[in-house]
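# With the sequence up front, the predicted model follows.
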Amino acid sequence: MLYYLIKFLAVLSLERFFDKIIVEHKERIHPDCPTIYVANHPNTMMDAMVAGYAVGKRIHFTAKSTIFANPIASWFLKKVGLVPIYRREDSPDQMGKNEDIFIRLYEHLETGGSFLIFPEGISISDRLLHEIKTGAARIAFGAEVRNKFSLNVQIVPVGLNYSDYQKFRSDVYCRFGYPIFINEYRDNYEKDPVQAVKEVTEKIKHQLEKVTTTLPESELSDLVDFVNTIYKKDLMVEMGLETKSVEDEFFVTKGIIDAVEWYKQHHPESTKIMSKEMGNYLRTLQRLQLRDDFLSPARKGIKFRRRLKSWFFLVFGFPVFLWGAINNFPGYKIPRVLTDRITHQDTFISSVKLMVGIAAFVLFYTIQIWLSWFLFHDKSISIIYGLTLVPSGNFALEYYRRAQNYRQHLIFLSLFYRKRSLIYGLIQKRMALIESLNEAKEEFLSMVDEQKITSEEN
């Protein structure tokens, strides 16, 4: 009962916290096979919730033993399906307990169950895929050995890709990779168990790299962010892709990462110069409180009718916005304030914000509905009022987003008329950067075509 209550609240909260949750390639999972899900881990508790949401059925989760230290927390976590794993860096004297934990996981797989492991062992939001530990492979082989390789255990990679690790109403793209069937490695394991475990672990790493937008090295982080900001939308338009599609964004970002990595290897000095110029350009925009896309030629394509429609929305939607903002303000504001006081660790911010948000909305919605009944003593009014809270809050968020976009338009017009030479200078700077990026793109694509022709000839 407790699990289903927590699941209901978690699903409700995730769908409210994120603007879009996209799940792709779930059909790759073989539903009749016991499954070990392995996921990248940029966002602590949020990762487990998103992965569980994407899988869509009850799964267990492994977690570091330190979060089970409190007896009450330990009872609660075990009730909702978390299993403690003892790490050498946390509890060197308790590593022996893992044997019992592994047996429990073997038994769980033997009944056709599934569980999730974060094989990096740590949660860091630096867009790198850190060293993959061997735990998932060892558990999978252990279960198969106990059952003479008859279980058909599959290891399924899960790529968690956030548009923003911390931001409320951001997007998350969950992509399942191809399953790794352990019984295919039986001969290798019987010859050399250690090498077989390493081989499967390396396969896990390779598959996770395919389903995530993680970077091969930290030095590329700023440059990839710069290129994404300045070039990605233009590139998507050029390729005929949908700029609001999370899936299309994923593939373009993967391509940008590959191109940036290749370009840095072959033109290290040019890469440094380009990165510096893009950084200076974006910092200038930041000082002016101006978004890059307002300098893009694509903005000229926005028709007057669309601008007029936005203006009507802002004018006539204001009363609904005001209603939604007033009634939802405590639920939105309190989590932000408390989160800033509770944690400053990047990987914990969204998780804490979500948990505090659940409590805040449940508390304040209850108080508000009770107050409406106290004031009017009319059950119908209280019910109708309660039903307006969530949709009016969603409308308020959309209104605020559009208002911010319109504010950007006004800032651009104000700067254009007051500092026309500055705007023209920034546009020319952007065009020069786009030209450099186009040249780099053509060189990279030429290399890709050459490799394709060579591989076909061989």
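Cool, the structure landed. Numbering: from 1, shown residues only.

# what's the single longest helix in this protein?
Looking across the chain with DSSP state H, the single longest helix is helix 379-418.

# What about residue 42, how many residues nearby?
25 (other CB atoms under 10 Å). (Each C-beta comes from the backbone N, C-alpha and C, glycine too.)

# quick one: it from residue 347, how far?
7 Å (CB to CB, to the nearest Å).

# Find residues that contact each of these two.
123, 124, 125, 165 (CB atoms under 8 Å, 6 or more residues apart in numbering).

# give me every residue that touches the first one.
The contact partners of residue 123, taken as CB under 8 Å, 6+ apart, are 41, 42, 43, 44, 47, 347.

# wait, is it part of a helix?
No. Using DSSP: H, G, I helix; E, B strand; the rest coil, the assignment for residue 123 is coil, not a helix.

# Find me the pLDDT at it, would you?
Looking at residue 123, its pLDDT stands at 80.

# got it, and the last one?
Residue 165 carries a pLDDT value of 82.

# how close does it get to residue 49?
For residue 165, the distance to residue 49 - CB to CB - is 14 Å.

# So for those two, which residue has more residues nearby?
residue 49 (21 against 18).

# Residue 273 - how many residues pack around it?
Around residue 273 there are 11 residues (other CB under 10 Å).

# Domains in this structure, by residue range?
What automatic domain parsing lists as the domains of the chain is 2-211, 218-288+422-457, 304-418.

# Quick one: distance of stretch 393-409 to the chain centre.
Distance, stretch centre to chain centre, for stretch 393-409: 23 Å (CA atoms, centre = their mean, to the nearest Å).

# Could I get the average pLDDT for that stretch?
For stretch 393-409, the mean confidence score works out to 89.

# Quick one: residues contacting residue 54.
Taking CB under 8 Å, 6+ apart as the test, what residue 54 contacts is 21, 23, 26, 158, 174, 176.

# how many neighbours does the third one have?
By the other CB under 10 Å criterion, the neighbourhood of residue 26 contains 14 residues.

# Not counting sequence-adjacent ones, nearest residue to it?
residue 176 (5.7 Å; CB to CB, 6 or more residues apart in numbering).

# In three-state terms, label residue 22 for me.
Assignment for residue 22 (three-state DSSP): strand.

# which residues does it bridge with?
Beta-bridge pairing for residue 22 (DSSP bridges): residue 173.

# Run a quick neighbour tally on it.
For residue 22, the neighbour count with other CB under 10 Å is 17.

# With residue 141 instead?
22.

# ok, it touching residue 198?
No. Here residue 141 does not reach residue 198: they are 11.3 Å apart, not a contact under CB atoms under 8 Å.

# Which secondary structure elements does the longest helix of the chain sit against?
helix 304-316, helix 318-342, helix 346-376, helix 420-457 (3 or more CB pairs under 8 Å, 6 or more residues apart in numbering; DSSP states H and E).

# let's see it at 10 Å
Contact partners of helix 379-418 among helices and strands, from 3 or more CB pairs under 10 Å, 6 or more residues apart in numbering; DSSP states H and E: helix 2-17, helix 268-288, helix 304-316, helix 318-342, helix 346-376, helix 420-457.
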